[in-house]
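Sequence and computational prediction follow.
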Amino acid sequence: MKLTSRHLLGLEGMSREEIALILDTAVSFREILDRPIKKVPPLQGKTVVNLFFESSTRTRISFELAERRLSADVVSFSTAASSVSKGETLKDTARNIEAMKIDMVVIRHAAAGSSHFLSRVVDANVINAGDGGHEHPTQGLLDMYTLREKFGKLEGLRVCIVGDITHSRVARSNIYGLSTMGAHVSVCGPATLIPRDLEQLGVKVYHRLEDIIPEVDALNVLRIQLERQKSGLFPSLREYHRFFGVTKEKVSKAPGPITIMHPGPINRDVELSADLADSEHSVILQQVTNGVAIRMAVLYLLGTSN
Amino acid sequence: MKLLLKGGRLVDPASGRDETVDIQILDGRIERIAGSIAPTKGFEEIDLRGKIIAPGFIDMHVHLREPGFEHKETIESGCASAAAGGFTAVCCMPNTNPAIDDESVARYVREKGKAVCGGIVDIFPIGAATKGRQGTELAPMAELAQAGAVGFSDDGAPIASAEIMRRALEYSSMYGVPVIQHAEEPTMTQGGCMNEGVTSTRLGMPGIPPIAEELMVARDIILLGYVPRARYHVAHISTKGALNHVRDAKSKGMNISCEVTPHHFTLVEDVVRSFDTNTKMNPPLRTRQDVEAMIQGLREGSIDAIATDHAPHTIDEKEVEYTQAPFGIVGLETAIGLSMTELLHKKVLTMTALIEKLSTNPRRILSLPTIKFAEGEMANITILDPDAEWIVDTSKLHSKSKNSPFNGYRLRGKAIGIINNGAALIA
């Protein structure tokens, strides 16, 4: 089986079989990561460019490692400034880089839809490493991988995403991916950070952690950005922590253990208490490891299908 | 110019005429109009059997971009686009650089209009409501009106301050010129680039809530109640909620009117999922319920006019990330085809009602003289072929810009010619 698209732009619209294919492929790459020699040859001779128009440490390093471990040649380009403020358009940047004969592009950009845009203007395979508040498909995939590793299956699993859903690409990719795989997805956050008509995506919405904690197997805790407070979407970090911060005390009300996930970087003791982040129920570091395996799987499936 | 229009169906809502006539035109003036006119030597005969002769169409909401943004459109290319689309008149919005907030700019635009395309398209400037469209000080409305401004608007931006809106209504009421509001409560729309709702939620795109339009319309109607002699027109209405307020205000006899664009009665927000920046405009494409409300509003008459909000942008300006792209699409050359396809042929509007929305009503709103079909009158005519089937090809547009989401659309009905100011352009 192959993926139907030449690109990975998002998990919305992807079939169950395609997602399962990526997760299954990642299992063998995950195993390679535990070997003394972690390099395999499938992308030998291929050139991958990482275009990061938004600052990112872990996603960029994770992609770079995945690319190098598949023996690809790797070039990375990072700039916090948007292409527009630099005076060159995204289209020109992409076309110039493509003119240097590259095979795959990984793009992180602050604008929703930027990877779709790129896939229309270049011939290379495009992988979305986060486009604004839209999607972050490899994060969604690594979250699903981690949950499947922990629980053995995704079907019927109850997962709640906690925090700023409105601005979160991680939330969307999780909602699309997990729903397709048969998990029950809910969200919990302040009403000002839940986007309109979210229920129409098949998601249950909660505003009190104590209402949802007894009902879930895993909490995926999102990073809260201080700038959202400045734009009037919630009153203070202190209040946010008291009412939406996931803590050991709140989680202890659950009938059984709850798995804790976080896409990083964590604001310790804001959205997630430090003791919980470091507890035995946290799979946050497994997520990071699995992220490399997932990205290897995606690069492999797209890069060897041409 | 010596023309004999043979066998066309004259549909003139102003006089209530709907009949087959011959019209003989000499030097731009209607010399004879009768059931049948024998061919006269020297007159070019044009067979209009099966075609419609209508009073010249006016697009009351156009961005001609000149002065200041001539790389997008010029008065000449905009007039060519209007003429090709079947309009004998356009109103140009004041968001130029400099803005049309001064009589010299208004005069420049009018004069330039007379000098291009044989003067076949009348240009009626809309003056800025406030200086520099900054929303803080009234523009010189009296001088602007004297220089030919037929409405006042800060279009592209709302007249946000309630105090300034009140004063704009009061001041403009002295001259009987309407204030045209781009209805948007700006504190709610910062950064928004599409309708707020399930689609923006799916795409993670910053939304423009429908309530931002509704709130501004509702506020303005309350202000209009306080300044009842004023005239108020809602530009490019797009939401069911705002239209409900307009309908209520009309039922109370208030001086209110509104227009809708072809894209707002044709397209639903789902098309944004393509991330095609030609689906990005302000107001944004709304939901199916809103589109249905627009169609209902046209049918029942609570929407007075169809106007395009023709907003040219170059390919380079549009071929960027969706959130970065400028708002707006061109519309002059697709408006009539879309209106006939979506409204006439789907039996939303009769031919008479369609012509009202594209000619009679906007001229009335703007206090422009009624076009008359009588001997001795200047001919101001749009000729329609209601059954012409054609496919939109944006590469063939006369506008300098090609930013239309309708490329490849199959349409039924188009304008095949216009006659105005002693000039004729007939396909």
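Structure's in. What do you need?

longest single helix anywhere in chain A?
With secondary structure taken from DSSP state H, chain A has its longest helix at helix A:284-303.

Do you have the helices of the stretch 1-150 of chain B handy? List them.
B:75-85, B:103-115, B:141-146 (DSSP state H, counting those that start in this stretch).

looking at the ones you listed, which is buried most?
With neighbours taken as mean count of other Cβ atoms under 10 Å in any protein chain shown, the helices of the stretch 1-150 of chain B reach their highest mean count in helix B:75-85, at a mean of 26. C-beta: built from backbone N, CA, C; applies to glycine.

Now do it: distance to the chain's middle.
How far helix B:75-85 lies from its chain's middle: 13 Å, per Cα atoms, centre = their mean, to the nearest Å.

Now do that helix against helix B:103-115, angle only.
50 degrees (axes from the mean of the first three to the mean of the last three Cα atoms, to 10 degrees).

hmm, back to that, buried sites along the longest helix of chain A?
Of all the residues in helix A:284-303, those buried under the rule 16 or more other Cβ atoms under 10 Å in any protein chain shown are A:284, A:286-303.

Stretch A:35-52 now?
Using 16+ other Cβ under 10 Å as the test for burial, stretch A:35-52 gives A:Val40, A:Pro42, A:Leu43, A:Lys46, A:Thr47, A:Val48, A:Val49, A:Asn50, A:Leu51, A:Phe52.

would you turn these into JSON lines with distance to chain B, secondary structure and pLDDT?
Output for those, formatted as JSON lines (distance: Cβ to the nearest Cβ, whole Å; DSSP: H, G, I helix; E, B strand; the rest coil; pLDDT from 0 to 100):
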{"residue": "A:Val40", "distance to chain B": "34", "secondary structure": "coil", "pLDDT": "96"}
{"residue": "A:Pro42", "distance to chain B": "31", "secondary structure": "coil", "pLDDT": "96"}
{"residue": "A:Leu43", "distance to chain B": "28", "secondary structure": "coil", "pLDDT": "97"}
{"residue": "A:Lys46", "distance to chain B": "27", "secondary structure": "coil", "pLDDT": "96"}
{"residue": "A:Thr47", "distance to chain B": "24", "secondary structure": "strand", "pLDDT": "96"}
{"residue": "A:Val48", "distance to chain B": "22", "secondary structure": "strand", "pLDDT": "97"}
{"residue": "A:Val49", "distance to chain B": "18", "secondary structure": "strand", "pLDDT": "95"}
{"residue": "A:Asn50", "distance to chain B": "18", "secondary structure": "strand", "pLDDT": "95"}
{"residue": "A:Leu51", "distance to chain B": "13", "secondary structure": "strand", "pLDDT": "93"}
{"residue": "A:Phe52", "distance to chain B": "15", "secondary structure": "strand", "pLDDT": "93"}
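
any idea which of those is closest to A:His167?
A:Phe52 (18.6 Å; Cβ to Cβ).

thinking the closest one is in contact with A:Thr93, fair?
No - contact criterion Cβ atoms under 8 Å: A:Phe52 and A:Thr93 do not qualify, at 11.8 Å.

Remind me what the lengthiest helix in chain B packs against, helices and strands.
Secondary structure of chain B per DSSP H: the longest helix is helix B:210-226. In this structure, helix B:210-226 packs against helix B:162-173, strand B:179-181, strand B:232-234, helix B:240-251, with contacts taken as 3 or more Cβ pairs under 8 Å, 6 or more residues apart in numbering or on different chains; DSSP states H and E.

Which one, of the ones you listed, ends up nearest to B:Pro369?
Nearest to B:Pro369, of the helices and strands packed on helix B:210-226 and by Cβ to Cβ, is strand B:232-234 at 18.5 Å.

What's the mean pLDDT across that closest one?
The pLDDT scores in strand B:232-234 average 98.

How about stretch B:368-380?
The pLDDT scores in stretch B:368-380 average 98.

Same question for stretch B:335-353.
The average pLDDT for stretch B:335-353 rounds to 98.

Nearest residue to the residue nearest the centre of chain B in space, please, no chain neighbours.
With distances taken as Cα atoms, centre = their mean, the residue of chain B nearest its centroid is B:Ala307 (2.3 Å). Among residues not flanking B:Ala307 along the chain, B:His61 sits closest, at 3.6 Å (Cβ to Cβ, 6 or more residues apart in numbering or on different chains).

how close does the one you found sit to chain A?
Look at B:His61 and chain A: by Cβ to the nearest Cβ, to the nearest Å, they are 28 Å apart.

Show me the domain layout of chain B.
What automatic domain parsing lists as the domains of chain B is B:2-52+B:375-426, B:56-365.

same check, this time on chain A
Residue ranges for the domains of chain A, per automatic domain parsing: A:16-136+A:288-303, A:137-287.

Figure out the helix or strand that the residue nearest the centre of chain A lives in.
Centroid check for chain A by Cα atoms, centre = their mean gives A:Gln139 as the closest residue, at 1.9 Å. According to DSSP states H and E, A:Gln139 maps onto helix A:137-151.

buried ones in that helix?
Neighbour counts using 16+ other Cβ under 10 Å place A:137-149, A:151 of helix A:137-151 among the buried residues.

Which is the succeeding secondary structure element to it?
Scanning forward in sequence from helix A:137-151 by DSSP H and E, the next helix or strand is strand A:158-162.

Contacts for whichever helix or strand comes after that following strand, please.
As assigned by DSSP H and E, the chain's next helix or strand after strand A:158-162 is helix A:169-180. Residues from elsewhere that reach helix A:169-180, judged by Cβ atoms under 8 Å, 6 or more residues apart in numbering or on different chains: A:10-16, A:19, A:130-137, A:139-141, A:143-144, A:147, A:154, A:157, A:159, A:161, A:163, A:165, A:185, A:187, A:201-203, A:220, A:222, A:263, B:202, B:204.

buried subset of the residues you listed?
Buried by 16+ other Cβ under 10 Å: A:10-12, A:14, A:19, A:130-137, A:139-141, A:143-144, A:147, A:154, A:157, A:159, A:161, A:163, A:165, A:185, A:187, A:201, A:203, A:220, A:222, A:263, B:202, B:204, out of the contacts of helix A:169-180.

per-residue confidence at residue 226?
All of this is about chain A. Looking at A:Leu226, its pLDDT stands at 80.

think we crossed wires, I meant chain B
For B:Tyr226, the pLDDT comes out at 98.

what's near enough to touch it?
B:Arg166.

Repeat that for A:Gly245.
A:Asp269, A:Val270, A:Glu271, A:Leu272, A:Ser273.

got a winner among those residues for most neighbours?
A:Leu272 (27 neighbours; other Cβ atoms under 10 Å in any protein chain shown).

Dig out what that residue forms beta bridges with.
A:Leu272 has the following beta-bridge partners by DSSP bridges: A:Val246, A:Arg268.

how far does stretch B:205-219 sit from the chain's center?
Remark: stretch B:205-219 is offset 21 Å from the chain centroid, using Cα atoms, centre = their mean.

Stretch A:198-205 now?
Distance, stretch centre to chain centre, for stretch A:198-205: 19 Å (Cα atoms, centre = their mean).

What of stretch A:160-171?
Distance, centroid of stretch A:160-171 to centroid of chain: 11 Å (Cα atoms, centre = their mean).
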